[in-house]
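Peer 1: I'd like to go over a predicted model; first the sequence, then the structure.
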Amino acid sequence: MTMNRARPSRGARSCGELLLTALLLLVAGCAASGTDPLPPDTFTPDPPGMTPVVLAPGHISLPDRTEMGCTFSTDMSEFWFSRSTGSEDFPAYVLMVSYIDGREWSEPVATSFDPECLEIAPHMAPDGERFLFYRQKPDDPAFQEGTWLAERTAEGWSEPVFFHEGYCITSALDGSYYFCTDHRENTSRDLARFRIEAGEPTASQDLSGTVNSVNFEAHPWVSAEGDLLLFDYAVTDVPFSGKIFVTFRDPDGSWGTPIDLGPEINDGHTMISSLSPDGEYLLYSQGGDLMWVDAGVVYALRPGG
């Protein structure tokens with residue numbers, strides 16, 4: 001995986017810190033899944049160009065499974081995503097992780113924190129210290145469905161705790177959290193944001209500008225700098241009409257007019273997109289697979305860019 005172009009960055013850690021982090025995450029992943037240490041099998045996906053391709057077919061994207069929603073660690077040594085179990089029994093989706101060393105990716109392994117829960121929509125906060133994901137447990141009426149939070153510790157990841165009822169939460173370095181609301185009386189899902197003050201979430205506020213409509217806006221992803229937002233848009237009465245849009249923050253702080261990423265990206269039902277932490281790649285779900293493409297397709301749409 002080449003990472004040599006000038007794109008937004010998060011900073012770097014020392015080699016010693018990276019090695020320690022990788023070892024801790026390896027232990028945490030095995031403890032969470034109850035599996036043996038990671039197998040030695042690795043694969044080397046070819047970095048994509050300006051034409052979208054399936055991400056690591058046969059390794060990350062399997063023909064008999066559905067993969068959706070993904071996130072890298074800030075140093076890009078881990079790649080997390082959700083995969084269907086291929087079974088009608090609950091849970092339908094589990095969290096998977098592949099560890100990355102240079103261009104070599106390990107075979108992904110299940111690292112669900114709770115094998116009895118459905119766990120989807122993983123998001124690594126841009127500080128690299130908090131991991132958010134959505135949990136459901138339909139067979140347990142007392143279960144608190146929503147986004148849960150695990151924090152990095154010296155031993156690995158902490159036991160997750162309930163964080164917020166919002167779905168597909170993503171965060172920026174300024175402490176803002178973005179999410180999609182549930183269905184409303186006069187619209188479908190919309191996008192909103194909140195902050196944490198005195199340890200508690202503030203009341204959510206709909207995004208300013210023209211992002212929200214009477215149709216379906218969901219699955220946001222915000223850049224660490226808070227100046228770029230990707231999201232899904234769909235016409236509520238047209239099945240599988242989902243497309244990915246981008247909006248850029250205007251100088252007055254509001255969000256600009258949403259822009260369709262175009263037919264080469266939105267070729268069919270597309271959803272749940274994000275950019276890699278190094279700013280190199282756009283990743284999204286389409287037809288049950290994870291896709292990736294050079295992130296230049298997004299930056300080219302920035303007004304005046």
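Peer 2: Yep, it's here.

Peer 1: give me every residue that touches the nearest residue to residue 250 once chain neighbours are set aside.
Peer 2: Spatial nearest neighbour of residue 250, excluding adjacent residues (CB to CB, 6 or more residues apart in numbering): residue 256 at 5.1 Å. For glycine as for every other residue, the C-beta is placed from the backbone atoms N, C-alpha and C. Residue 256 sits next to 209, 247-250, 303 when contact means CB atoms under 8 Å, 6 or more residues apart in numbering.

Peer 1: What's the local residue count around residue 304?
Peer 2: The number of residues packed near residue 304 is 4, by other CB atoms under 10 Å.

Peer 1: Confirm it sits in a strand?
Peer 2: No. Going by DSSP: H, G, I helix; E, B strand; the rest coil, the assignment for residue 304 is coil, not a strand.

Peer 1: what's the spacing between it and residue 251?
Peer 2: Residue 304 sits 11 Å away from residue 251, taking CB to CB, to the nearest Å as the criterion.

Peer 1: Kindly report the same for residue 108.
Peer 2: Taking CB to CB, one finds residue 108 at 42 Å from residue 251.

Peer 1: if you count what's nearby, which of these two comes out ahead?
Peer 2: Each of residue 108 and residue 251 has its neighbours counted (other CB under 10 Å); residue 108 has more, 22 against 6.

Peer 1: Would you quantify the distance from that one to residue 55?
Peer 2: Applying CB to CB to residue 108 and residue 55 gives a distance of 11 Å.

Peer 1: for residue 122, same thing?
Peer 2: Applying CB to CB, the value for residue 122 to residue 55 is 15 Å.

Peer 1: now do residue 299
Peer 2: Taken as CB to CB, the span from residue 299 to residue 55 is 20 Å.

Peer 1: likewise residue 143?
Peer 2: Counting by CB to CB, the separation of residue 143 from residue 55 is 32 Å.

Peer 1: With neighbour numbers in mind, choose between those two.
Peer 2: The neighbour comparison of residue 143 against residue 55 (other CB under 10 Å) goes to residue 55, with 24 against 15.

Peer 1: secondary structure element for the nearest residue in space to that one that is not next to it in sequence?
Peer 2: Spatial nearest neighbour of residue 55, chain neighbours left out: residue 290 (4.3 Å); criterion: CB to CB, 6+ apart. Using DSSP states H and E, residue 290 sits in strand 289-294.

Peer 1: Can you list the low-confidence ranges for the chain?
Peer 2: 1-40, 88-91, 183-187, 305 (pLDDT under 70).

Peer 1: how about the helices in it?
Peer 2: 15-33, 296-299 (DSSP state H).

Peer 1: Measure how far the last one is from the centre of its chain, please.
Peer 2: By that I understand helix 296-299. Helix 296-299 sits 18 Å away from the centroid of its parent chain (CA atoms, centre = their mean, to the nearest Å).

Peer 1: What are the buried residues along that helix?
Peer 2: Residues 296-299 are the ones in helix 296-299 that count as buried (16 or more other CB atoms under 10 Å).

Peer 1: could the residues you listed go into a markdown table alongside distance to residue 126?
Peer 2: Shown next, in a markdown table, are the buried residues of helix 296-299 (distance: CB to CB, whole Å):
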| residue | distance to residue 126 |
| --- | --- |
| 296 | 21 |
| 297 | 22 |
| 298 | 17 |
| 299 | 18 |
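
Peer 1: from these, which single one is nearest residue 129?
Peer 2: residue 298 (26.2 Å; CB to CB).

Peer 1: ok, now how distant is the closest one from residue 133?
Peer 2: According to CB to CB, residue 298 and residue 133 sit 24 Å apart.

Peer 1: Could you do residue 146 as well?
Peer 2: 10 Å.

Peer 1: Kindly report the same for residue 171.
Peer 2: To residue 133, residue 171 is 13 Å away according to CB to CB.

Peer 1: before we move on, what about residue 246?
Peer 2: Distance, residue 246 to residue 133, using CB to CB: 24 Å.

Peer 1: ok, the two, which is more surrounded?
Peer 2: Higher neighbour count among residue 246 and residue 133: residue 133, with 26 against 22, using other CB under 10 Å.

Peer 1: now that one, nearest residue through space, not along the chain?
Peer 2: For residue 133, ignoring the flanking residues on the chain, the nearest one in space by CB to CB, 6+ apart is residue 122 at 4.6 Å.
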